[in-house]
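Engineer: Here you go, sequence then predicted model.
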Amino acid sequence: MDFSWSREQLELKQKATDFAQKHLNTNVSHKERGNIFPSDEWKKCADFGVLGWPFPKEFGGGGHDIMTTVLMLEGLGYGSEDNGLPFSLNSQMWSTQVAINAFGSEEQKKKYLKPLISGTVGAFGITENDTAGSDTYSLQMTAEKTEGGYILNGEKHYITLAPICEMAVVFATTNPKLGRWGITAFIVDSSMKGFSRSEVRDKVGMRTTPMGNLYLKDCFVPDENRLGKEGSGLSLFTSAMESERGYIFASQIGRMQKQLENAISYSNERKSFGQNIGGFQSVSNRIANMKLRLETSKMHLYKVAYLDHNDLPLMEEAAMAKLYISEAFVESSTDIIRIFGAKGVVTEYEIERDLRDGLGGLIYSGTSDIQRNIIAKLNGVQ
């Protein structure tokens, strides 16, 4: 596998970093503390082309290959002080947009994918309150066939971007007797009667990323809004999840690079007992561990992108990437707090925010335990 980068790719990464540093860092602390979605910055990202980087030009995308895309997303994360906005962008791209691009009809792509790339906000609704989180296919939302479409009833909980979404891809059971093979995906427009959303749910981190619930009550969804064939929801979800697990933390790797640089700079400036704290082995070892996690995370990310680019199976690698990167970010966020000491804990220095933002990554897109189960099963564990 060749993970060397061309000059053009590196220039695109730098442009993404420069854009983020210039346009995405206004009043981040204020927005984070107030659970405020940065709508202006979202629109700027859409205008810059972020939401379309890996998608076809005919639908407004950039047409970039997957390797180039993840590198640019890494640059975006490096330049952004707000982890929530890049996470929101990645979430929409690698779930909602990937699903429509891979399984949607040409008409659905024109009607939904193109606006999403232009900045429309879309959610991906699979998780339910009691049954469908890690146990993805135990859905309670139903879709009853009727003339010209389906009547959907049920709720989706803990859904990224749900409180502000203008449309959503949701999964419902069309035939409960078939279990997971009776699951079907639908594109639901927020203007449809019976569609509603909750307020933003408060959470420990990623507070500029709105999370909430979707409610469908006797919501009529026309046949033309069924995504894929009836009963194909399993295949659609699996495909989208491979992309989401593999790439949703691409921007977080850029943040890990920034953490490392901040830790090195501070350890060379801060003095204790008459010397720079970087001279203490406990501090230098933490920095070494941060570097090791960063480089290992890159290798996991780039391998998934390489396999994807070459149309090779990537389920196991995507699970390993999601597992490793999410846990590495939490560990490195803890290390930098220890290096900064009291400044790392006090919110005014904005060091502790990375740790809070990282905690959700252990849960999103399948918990760390689920990723370990996937990896074990793919290696023959019964």
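Structural biologist: Alright, I've got the coordinates.

Engineer: Under the pLDDT cut-off, which ranges of the stretch 1-150 of the chain? List them.
Structural biologist: Using pLDDT under 70 as the threshold, the predicted model of the stretch 1-150 of the chain has low-confidence ranges 131-137.

Engineer: I'd say residue 263 and residue 291 touch.
Structural biologist: No - in this structure, residue 263 is not within contact of residue 291 by Cβ atoms under 8 Å, at 9.5 Å. Every C-beta, even on glycine, is put in place using the N, C-alpha and C of the backbone.

Engineer: what sits against the residue of the chain positioned farthest from its centre?
Structural biologist: Relative to the centre of the chain, the most outlying C-alpha is that of residue 274, 44.1 Å out, by Cα atoms, centre = their mean. Taking Cβ atoms under 8 Å, 6 or more residues apart in numbering, we find residue 274 in contact with no residue.

Engineer: Could you report the separation of the nearest residue to residue 91 once chain neighbours are set aside from residue 15?
Structural biologist: The shortest distance from residue 91 to any residue that is not its chain neighbour, by Cβ to Cβ, 6 or more residues apart in numbering, is 4.7 Å, and that residue is residue 160. Between residue 160 and residue 15 the computed distance is 26 Å (Cβ to Cβ, to the nearest Å).

Engineer: the more surrounded of those two?
Structural biologist: residue 160 (26 against 15; other Cβ atoms under 10 Å).

Engineer: For that one, name its beta-bridge partners.
Structural biologist: residue 211 (DSSP bridges).

Engineer: Tell me the confidence at it?
Structural biologist: For residue 160, the pLDDT comes out at 97.

Engineer: and it, what does it touch?
Structural biologist: By Cβ under 8 Å, 6+ apart, residue 160 lies in contact with 87-88, 91-92, 123-124, 209-211, 364.

Engineer: can you list the domains in the protein?
Structural biologist: In terms of domains, the chain is parsed into 9-121, 123-235, 241-378 (source: automatic domain parsing).

Engineer: Was I right to think residue 83 contacts residue 356?
Structural biologist: No - with contact defined as Cβ under 8 Å, residue 83 does not count as touching residue 356 (9.2 Å).

Engineer: who touches both of those two?
Structural biologist: Where contact means Cβ under 8 Å, 6+ apart, the residues bridging residue 83 and residue 356 through contact with each are residue 205.

Engineer: Mind checking which of these two has more residues around it?
Structural biologist: Neighbours were counted for residue 83 and for residue 356 using other Cβ under 10 Å; residue 83 has more, 30 against 18.

Engineer: where's the more buried one relative to residue 317, distance?
Structural biologist: 24 Å.

Engineer: Quickly note the distance from the residue nearest to residue 91 to residue 345.
Structural biologist: Plainly put, residue 160 is 28 Å away from residue 345 if you go by Cβ to Cβ.

Engineer: cool, residue 9 as well?
Structural biologist: Here the criterion is Cβ to Cβ. By it, residue 9 lies 38 Å from residue 345.

Engineer: Between those two, tell me which one has more neighbours.
Structural biologist: The neighbour comparison of residue 9 against residue 345 (other Cβ under 10 Å) goes to residue 9, with 16 against 13.

Engineer: in which helix or strand would I find that one?
Structural biologist: Counting by DSSP states H and E, the secondary-structure element that holds residue 9 is helix 7-23.

Engineer: In that helix, which residues are buried?
Structural biologist: Within helix 7-23, the residues that count as buried by 16 or more other Cβ atoms under 10 Å are 9, 12-13, 16-17, 19-20, 23.

Engineer: Look up phi and psi at residue 195.
Structural biologist: Note on residue 195: backbone dihedrals following degrees, to the nearest 10 are phi -100, psi 130.

Engineer: Can you give me the neighbour number for it?
Structural biologist: Residues near residue 195, counting by other Cβ under 10 Å, number 21.

Engineer: Spit out the contact partners of the residue lying closest to it once chain neighbours are set aside.
Structural biologist: Ranked by Cβ to Cβ, 6+ apart and with sequence neighbours excluded, the top spatial neighbour of residue 195 is residue 219, at 5.3 Å. If you count contacts by Cβ under 8 Å, 6+ apart, residue 219 has them with 151-153, 188, 192-195.

Engineer: can you rerun that using 6 Å?
Structural biologist: Residues counted as contacts of residue 219 (Cβ atoms under 6 Å, 6 or more residues apart in numbering) are 152, 192, 194-195.
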